[in-house]
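Q: below are the sequence and a predicted model for it; my questions follow.
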Amino acid sequence: MSEEIKNLTEVAQRIKKAIENKEKIVVTGDCDLDGICSVILLKEGVLSLGGKIADFYFPDRENEGYGLSFKALEKFKKYAPALLITLDFGISSFEEIKKAKEMGFEVIVIDHHEVLDKLPEADLILDPKQKSDKYYFKHFSCAGLVFKLLEKMLEDKMGGASRKSFLELVALATLADMMPQEKENKILTDEGLLSMKESWRPAFLAIKEFFNIPYEISKVISILGVRYSQKEVEEIFRLFTVSSKEEAMKIFQTLIKKHEERREKLKETIKKIEENFNFAEEIIFAGGENFDYSLIASVASYLTQNYKKPAFIYKINEKEAVGSARAPEKFNLVELMKKCQEFLISFGGHPQAGGFRLLKENLANFKACLISNLKNK
């Protein structure tokens, strides 16, 4: 059993070397709370060492798909050669990482999702799910991994105040990503929630005007939700990085209003599925052109919790469908989708929460394949 996560020291040393040599560092992260918090943590950690992130990017999941996107590479190409770091995705971005290397980027993947049949051609990979990783604990959020990395990078420069500030974001991300509250996660989350009570971060000062933190943190997570549009992601990023409580208050009030609107649309979508779906089937498989992509993860979660079945909910675009999947315990969505990958453009995630993208003409075949594999389980 290893004393630390594989490549933790190597990644810390490489980023510190980039800071010392004034190399350009660009970062791209997933557009959920874990991805957003991970980008903020790394940005603030690099700043603590006297460096800076040259640019960062959150892909639009609906239009670019999940993972490192070619659009991100297009945005970053002016910085090459540079160090490119992916946060909360990358472990399944095979073609995109290959392209990044061809463009002159050195690539570090920091991810916590399940590893598929192979690893991408990144220079360094920090993911406890790698088969060669012998660390005892595998279930960090990506923000939790970044915190472990910052401990290694900052060493004695991580004072009490910065540690507490970092852990507030780690706790938020770990709970939002529904990582198991055990072992190191429990320690990091408990410490982070405690720190929120005396937080100096304007976002938490603003949030505390509306909610009793940390006791109502689940309500806060519900409001911040899973937002896939770049505009909404940028609002949440700003919420946690602005320097004044007043500005944070304005942003949070806007997010509360949007959450209330989303909640009504969520109820309507669930009702529509329940009225039209055959729940005798092994899975819940539903979607359409009129589905709101920002709601599909919440819809899938609700249906899985209520009906104790895997739910695959998708939005149909011009040529492709993009979806979110949820499953009860004892199911492994990644393994299930792996058996049907001939019909998919991309897929990935965790055993009970994942995403997928496919040509819309393959929807029927994908559904049939999923049901067939569940019947033959």
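A: Sure thing, it's come through.
Q: and stretch 354-363, which residues are buried?
A: Neighbour-count burial for stretch 354-363, counted by 16 or more other CB atoms under 10 Å, picks out 354-358, 362-363. In short, each C-beta sits where N, CA and C put it, glycine included.
Q: which one of these is nearest Glu62?
A: Arg357 (10.0 Å; CB to CB).
Q: could I get the full set of strands for the stretch 151-300 of the chain?
A: Here the stretch 151-300 of the chain has its strands, by DSSP state E, counting those that start in this stretch, at 284-288.
Q: ok, Glu121 - contacts?
A: By CB atoms under 8 Å, 6 or more residues apart in numbering, Glu121 lies in contact with 94, 97-98, 101, 107.
Q: which of the residues you listed sits closest to Arg326?
A: The nearest member of those to Arg326, counting by CB to CB, is Phe94 at 24.8 Å.
Q: in contact with the closest one, which residues?
A: The contact partners of Phe94, taken as CB under 8 Å, 6+ apart, are 118, 120-121.
Q: circling back to that earlier point, tell me the one of the contacts of Glu121 nearest Ile313?
A: Nearest to Ile313 among those: Phe94, at 25.5 Å, using CB to CB.
Q: picking up where we left off before, a markdown table for the buried residues of stretch 354-363, including distance to Glu264, secondary structure and pLDDT?
A: Formatted as a markdown table, these follow (distance: CB to CB, whole Å; DSSP: H, G, I helix; E, B strand; the rest coil; pLDDT from 0 to 100):
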| residue | distance to Glu264 | secondary structure | pLDDT |
| --- | --- | --- | --- |
| Gly354 | 27 | strand | 91 |
| Gly355 | 25 | strand | 91 |
| Phe356 | 27 | strand | 94 |
| Arg357 | 28 | strand | 93 |
| Leu358 | 29 | strand | 96 |
| Asn362 | 32 | helix | 98 |
| Leu363 | 27 | helix | 98 |
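Q: got the residues you listed as TSV, with distance to Ser324 columns?
A: Shown next, in TSV, are these (distance: CB to CB, whole Å):
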residue	distance to Ser324
Gly354	8
Gly355	5
Phe356	8
Arg357	11
Leu358	13
Asn362	17
Leu363	14
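Q: for the nearest residue to Ile371 once chain neighbours are set aside, give me the pLDDT.
A: Spatial nearest neighbour of Ile371, excluding adjacent residues (CB to CB, 6 or more residues apart in numbering): Glu282 at 5.2 Å. For Glu282, the model assigns a pLDDT of 92.
Q: does Glu282 really touch Ser372, like I thought?
A: No - using CB atoms under 8 Å, Glu282 is not in contact with Ser372, being 9.4 Å away.
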